Each structure stands twice: as structure tokens, then as C-alpha cells.
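[1] pasting the sequence and the predicted model now:
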Amino acid sequence: MSRYDFTSHRLFLDAPLHAGAEIALNKDQANYLLNVLRLPEAAGVLVFNGRDGEWRAQLSIASKKAARLIATEKTRGQDRPADIELLFAPLKHARLDYMVQKAVEMGVCAIRPVITRRTQASRVNLERMRANVIEAAEQCGVLSLPKVHAEVPLRQVLDEWPQKNRTLIFCDEDAAPGGPLAALETLRRGGSVPPLSLVIGPEGGFDPEERAQFLLLSNVLRLSLGPRILRADTAAVAALALVQACLGDWR
Ligand code: SAH
């Protein structure tokens, strides 16, 4: 990977990007570039849309509140993240924001809140989650935005699992500690890795009936994250690190 340009500001723009593309900034984007960052006329920023790679763009200021960006050169081609999805029991606000942002940094392709018996967050703010996805991608040079799915009850995930051609990595706080890397290696089929979904439980963990239902599934790997109980948001990062290092794009 070429050394990443950490000095330029990055902005997500939901518009086609190609040489010469002119994108009018919305109110918030114009305010951010003009009044928060106070960028001058012709300042360069990096822009991406999750589809067309990353482009260097030049600022064209019309007024204190209006501006456009003109894409000039492509700086990075669009990548395709590994097919790793994070299923998790939504946490309360700040920890949920943290978990979503870390999942983006760790390269997941989708984020799916799952309501389990002990989930404490009653409803999930999908717009807030999508805003956290964009913020994390802008800050960390992520080019592909993971899809944010609406929350579903665990029962539905379990019922639908057999029809999905995915392997479920069940991060189980009750699993006997031992060999997570060796366990993950068993998922490699010849030279390839199947589509993966990790599931992380709520603050109170999974209840025994849920655990039993997970273990009845075909295509499930019960994974221990060591001898200590991790907080749910820590567990998500730890599990994703193991998966990326063993089976994903950290190899
Ligand atoms: N009560 C703590 C921890 C709850 S466990 C809290 O406040 O968050 C939350 C989830 O993290 C579990 O359901 C499991 O998915 C994962 N987890 C935590 N420790 C783990 C471990 N040692 N092995 C596997 N998964 C773990």
C-alpha cells in the first residue's frame, strides 16, 4: 500500500467521481470546509464515494456558505473489503458509536445489529450509525463503506442462517479458552475463505438458550477470545483483529 496521505482532509461525497467532476457541497460540508477548517480557494482535499476510488479535489468557493469541489486526479483505486460482516447486540450510545467506528477501521463490509435477550439498547439509531461509518471512513482512509443493516431479532438470524452461504464465528464468552488462530485456520477451504459473519453479544452476554441455538447451526465456529471476559466493544475489535490477521487482509 503506498504511504497514505495523512495530511489531506478527506470528505465522503455521495456523487459520481471522475476527472473534472464538479460536486456542489451541501450546507454541512461547505460549513466544515469553509468555516471549521477555513480552507482557502483552490485548497486540495481528498474525496471518495465508496464506489469510484479516492480523488484529489480542488475547492471552488462561491460565498461564505457555498462551495464546490472539482475532482482532478485519482489518488487510489476502489478496493473491495473482505466479506466479513459484524453482527452485534447494540450497546448504549457512546459504546455503540465506538463499536461502529472500530468495525469500519477493521475493514468489515457490513454491520448488522442483532437484538438478543439481554440487549439493553431498546432501539437503534441507524442514521447515527451511518454517520459514524462515514466519520470513521473519512478519518481512517477507508474507501469502502460497510452497509448498515436495520436491527433484527436473533431468532430471525438463527432461522435464516441455514439458507446463507456464510460461516458464523460465534464469539462465546463461555467457550473454553484455547487456540483462536488454529480454530480460525480451520475455516480456510483450500486457498479460499468463505464469507464470514462474527457475532458479539450484549453487555450481559448470551443466555444459555441462545448459546445452545447457535451451537445447533451448521457453518458455525465457536470462538474463545481468551481467559478473560472482554467488554463487548473490546471483544469486537479483538475478534476482528484475529480474523483479519488469520483470514483477512492483514495477512
Ligand atoms: N459484561 C461485559 C462483557 C459482556 S460479554 C460488558 O459489559 O460488555 C459481551 C460479548 O463479548 C460476549 O457475548 C461475547 O460475544 C464477547 N466476549 C467477551 N469476552 C469473550 C471471550 N473471552 N471469548 C469470546 N467472546 C467474548
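    It's in.
[2] wait, a strand at Q156?
    No: secondary structure of Q156 (DSSP: H, G, I helix; E, B strand; the rest coil): helix, not part of a strand.
[3] for it, which residues are in contact?
    Not one residue lies near Q156 by Cβ atoms under 8 Å, 6 or more residues apart in numbering. C-betas here are computed from N, CA, C, even on glycine.
[4] so for stretch 50-63, what's the average pLDDT?
    Mean pLDDT, stretch 50-63: 97.
[5] quick check: end-to-end length of that stretch?
    Distance between the two ends of stretch 50-63: 28 Å, counting by Cα to Cα, to the nearest Å.
[6] ditto for stretch 196-205
    OK, stretch 196-205 end separation, Cα to Cα: 21 Å.
[7] what about it, near the ligand?
    Yes: with Cβ under 6 Å from any ligand atom as the measure, stretch 196-205 is seen reaching the ligand through I200, G201, E203, G205.
[8] list the contacts of the first one.
    Under the criterion of Cβ under 8 Å, 6+ apart, the neighbours of I200 are L86, L87, F88, A89, C171, A232, A235, A236, A239.
[9] bridged to it, which residues?
    Beta-bridge pairing for I200 (DSSP bridges): F88.
[10] please enumerate the strands of the chain.
    Along the chain, counting by DSSP state E, strands occupy 10-12, 22-24, 44-48, 54-61, 67-76, 84-88, 110-115, 147-148, 152-153, 167-171, 196-200, 220-223.
[11] partners of the longest one in the sheet?
    The sheet places strand 67-76 alongside strand 22-24 (antiparallel), strand 54-61 (antiparallel), with pairing taken from DSSP bridges.
[12] isn't Q101 right up against I134?
    No: taking contacts as Cβ atoms under 8 Å, Q101 lies outside contact range of I134: 10.1 Å.
[13] which residues of the stretch 101-250 of the chain lie near the ligand?
    Counting by Cβ under 6 Å from any ligand atom, the residues of the stretch 101-250 of the chain near the ligand are 171-173, 175, 200-201, 203, 205-206, 224-226, 228-232, 235.
[14] any weak-confidence spans in this protein?
    1-3 (pLDDT under 70).
[15] what's the residue closest to the geometric middle of it?
    Geometric centre of the chain, nearest residue: V104, 2.8 Å, by Cα atoms, centre = their mean.
[16] coming back round to it: looking at Q101 and I134, which is more packed in?
    Legend: neighbour count by other Cβ atoms under 10 Å for Q101 and I134, higher for Q101 (19 against 16).
[17] give the contact list for the residue nearest to L240 when sequence neighbours are not counted.
    Counting by Cβ to Cβ, 6 or more residues apart in numbering, M106 is the residue found nearest to L240 once chain neighbours are left out, at 3.9 Å. Neighbouring residues of M106 by Cβ under 8 Å, 6+ apart: V237, L240, A241, Q244.
[18] neighbours of the third one, how many?
    Under the neighbour criterion other Cβ under 10 Å, A241 is assigned a count of 15.
[19] check the second one too.
    When neighbours are counted by other Cβ under 10 Å, L240 registers 23.
[20] so how far is the ligand from it?
    L240 is 12 Å from the ligand, where distance means Cβ to the nearest ligand atom, to the nearest Å.
[21] ok, that residue to Q213 distance?
    23 Å (Cβ to Cβ, to the nearest Å).
[22] quick check: closest non-adjacent residue to Q78.
    Using Cβ to Cβ, 6+ apart and skipping the chain neighbours, the partner closest in space to Q78 is G53 (4.3 Å).
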